[in-house]
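Novice: This is a predicted model, with the sequence first.
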Amino acid sequence: MRFLFAAAALVLSTLVALAADPVGRYRVEGTNPGGGSHYEGTARVEKTGDTYRVVWMVGHTRYVGTGIGNNEFIAFSYRSGRDTGLALYSADGDNWKGVWAYAGARTMGTEIWHRE
């Protein structure tokens with residue numbers, strides 16, 4: 001009985017770790033800073049050594065970022081044209097929820113990534 005419990009705990013912890021891995025493709029929903037307008041798009045996250053690379057597509061705008069983190073949280077700095085910013089996400093099951101801001105901003109936007 002003890003062996004079955006230990007095996008089940010190992011399988012569950014492995015599944016939780018895999019579910020929280022940020023690598024993958026996502027459908028994105030967000031709000032612009034200050035409770036602004038709603039937007040939708042996509043995001044793709046890749047592992048690049050010790051860091052992550054993310055590419056967002058929101059409308060016709062492409063944002064590219066570099067991230068650090070683990071299976072619980074991840075932070076990205078990003079750029080699109082002259083716009084730069086910072087985003088911070090926490091794992092929410094198989095999805096990720098976060099906040100973001102442009103450099104120099106005084107308010108934040110919100111974003112949810114839904115794994116595809």
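Specialist: Done, it's in.

Novice: For the protein, just list every one of the helices.
Specialist: Using DSSP state H, the helices found in the chain span residues 2-20.

Novice: Could you measure from Cys106 over to Gly85?
Specialist: Not quite, residue 106 is Arg, not Cys. The gap separating Arg106 from Gly85 is 13 Å, by C-beta to C-beta, to the nearest Å. Where C-beta positions appear, they are placed from N, C-alpha and C, glycine not excepted.

Novice: quick one: which of the two has more around it?
Specialist: Gly85 (20 against 8; other C-beta atoms under 10 Å).

Novice: any idea how far that one lies from Gly49?
Specialist: In terms of C-beta to C-beta, Gly85 sits 23 Å off from Gly49.

Novice: and the nearest residue to Tyr102 once chain neighbours are set aside, what does it touch?
Specialist: Leaving aside its sequence neighbours, Tyr102 sits nearest to Gly85 (C-beta to C-beta, 6 or more residues apart in numbering; 4.4 Å). Gly85 sits next to 77-79, 100-103, 105 when contact means C-beta atoms under 8 Å, 6 or more residues apart in numbering.
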